[in-house]
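1. Sequence first, predicted coordinates after that:
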Amino acid sequence: MFKNRSFSLLLTGQSLADIGDILYIVSVISIIYRFTNSAIATSFVPFIITTCMLISSLLTPLITTKVSLNQLLTISQGFKTAVILGLALYVQWVGDQPMIGFVFLLIAMVAFLDGCANPIRQSLLPHYVEEKDLLRANSIAETVIQSIQVGSWFVGSSLLLLFTPSQLIWGVVVLFFMATLLLKLLPDVARMERPQKRNGCYLCKGGNPSIKHLY
């Protein structure tokens with residue numbers, strides 16, 4: 001399976017992005033708590049991330065009608081890298097007096113861009129993997145992603161003992177940049193097209209136009 005170049009690029013790029021996501025969340029939670037010393041303010045981080053990712057996942061099908069799937073994945077990852085770079089520069093620049101509202105805004109932007117990654121990855125697999133290998137590819141991808149989810153939280157928390165949250169965010173910038181480069185190498189796929197309505201029925205591309213709607 002890993003001899004499939006497209007599958008390997010997609011899985012490696014997404015794995016680096018997922019590792020970066022968790023390290024970034026660990027870092028911003030630490031930053032918010034250090035600056036506010038408030039558990040309530042810190043609890044807004046997962047709330048904002050979850051809400052923005054939900055909204056993004058709902059809007060993703062609309063965007064895929066305009067942009068191809070691999071391009072959308074690369075663009076979202078590239079913008080995530082830019083926002084994280086902005087966050088790293090901002091935290092380093094302001095020191096101990098950041099505008100928490102601005103930090104929350106950057107967190108929301110990252111979460112919104114991240115919300116489309118998982119559904120796009122799942123949609124790309126059938127384009128890059130033969131049908132007979134699709135179940136195995138999904139199983140491998142889910143195993144890798146879940147392993148990262150489990151291990152990265154422990155590793156991220158441990159790294160905070162060695163590095164400051166600001167330094168950890170710079171590491172996330174590097175991971176996101178590498179992920180963007182790998183995803184950029186993915187072969188292009190056609191964008192998702194909506195069925196066109198004709199004479200009261202929807203005809204999908206390649207469908208049988210002789211089948212009439214009975215309403």
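-> Here it is on my side, so go on.

2. Check whether residue 11 really touches residue 147, as I assumed.
-> No: judged on Cβ atoms under 8 Å, residue 11 makes no contact with residue 147 at a distance of 11.9 Å. Every residue, glycine included, has its C-beta placed from N, CA and C.

3. Burial check on residue 189, number of neighbours?
-> Residue 189 sits with 16 neighbouring residues when counted by other Cβ atoms under 10 Å.

4. Kindly report the same for residue 151.
-> 12.

5. Could I get the full set of strands for the protein?
-> For the chain, the strands defined by DSSP state E cover 196-198, 201-203.

6. Pull the contacting residues for the closest residue to residue 104 other than its chain neighbours.
-> Spatial nearest neighbour of residue 104, chain neighbours left out: residue 48 (6.1 Å); criterion: Cβ to Cβ, 6 or more residues apart in numbering. By Cβ atoms under 8 Å, 6 or more residues apart in numbering, the contact set of residue 48 is 104, 107-108, 111.

7. can you do 10 Å?
-> 28, 104-105, 107-108, 110-112 (Cβ atoms under 10 Å, 6 or more residues apart in numbering).

8. end-to-end on stretch 88-103?
-> From its first residue to its last, stretch 88-103 covers 10 Å (Cα to Cα, to the nearest Å).

9. dump the residue contacts of the closest residue to residue 160 other than its chain neighbours.
-> In space, and not counting its chain neighbours, residue 160 is closest to residue 30: 6.0 Å by Cβ to Cβ, 6+ apart. By Cβ under 10 Å, 6+ apart, the residues touching residue 30 are 42, 156-157, 160, 164-166, 168.

10. which among those end up buried?
-> 42, 156, 160, 165-166, 168 (16 or more other Cβ atoms under 10 Å).

11. mind giving me JSON lines with those and columns for distance to residue 71?
-> Output for the buried ones among the contacts of residue 30, formatted as JSON lines (distance: Cβ to Cβ, whole Å):
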{"residue": "42", "distance to residue 71": "36"}
{"residue": "156", "distance to residue 71": "30"}
{"residue": "160", "distance to residue 71": "35"}
{"residue": "165", "distance to residue 71": "32"}
{"residue": "166", "distance to residue 71": "32"}
{"residue": "168", "distance to residue 71": "30"}
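
12. Out of those residues, which comes closest to residue 142?
-> Nearest to residue 142 among the buried ones among the contacts of residue 30: residue 156, at 20.9 Å, using Cβ to Cβ.

13. show me where pLDDT drops low in the chain?
-> The chain contains residues with pLDDT under 70 at 1-3, 95-98, 190-215.

14. Helices of that one, residue ranges please.
-> For the chain, helices defined by DSSP state H occupy the ranges 5-36, 39-63, 69-94, 100-114, 117-128, 134-159, 165-184.

15. For residue 181, grab the count of nearby residues.
-> Residues lying near residue 181 (other Cβ under 10 Å) number 16.

16. That one contacts residue 17, correct?
-> No: using Cβ atoms under 10 Å, residue 181 is not in contact with residue 17, being 11.4 Å away.

17. Common neighbours of those two, please.
-> 77, 81.

18. hmm, back to that, give the residue from residue 11 and residue 147 that has the larger number of neighbours.
-> The neighbour count for residue 11 versus residue 147, taken as other Cβ under 10 Å, is higher for residue 11 (22 against 12).

19. residues touching that one, list them.
-> So residue 11 contacts 1-2, 4, 121, 125, 128, 137, 140-141, 144-145, 182 (Cβ under 10 Å, 6+ apart).
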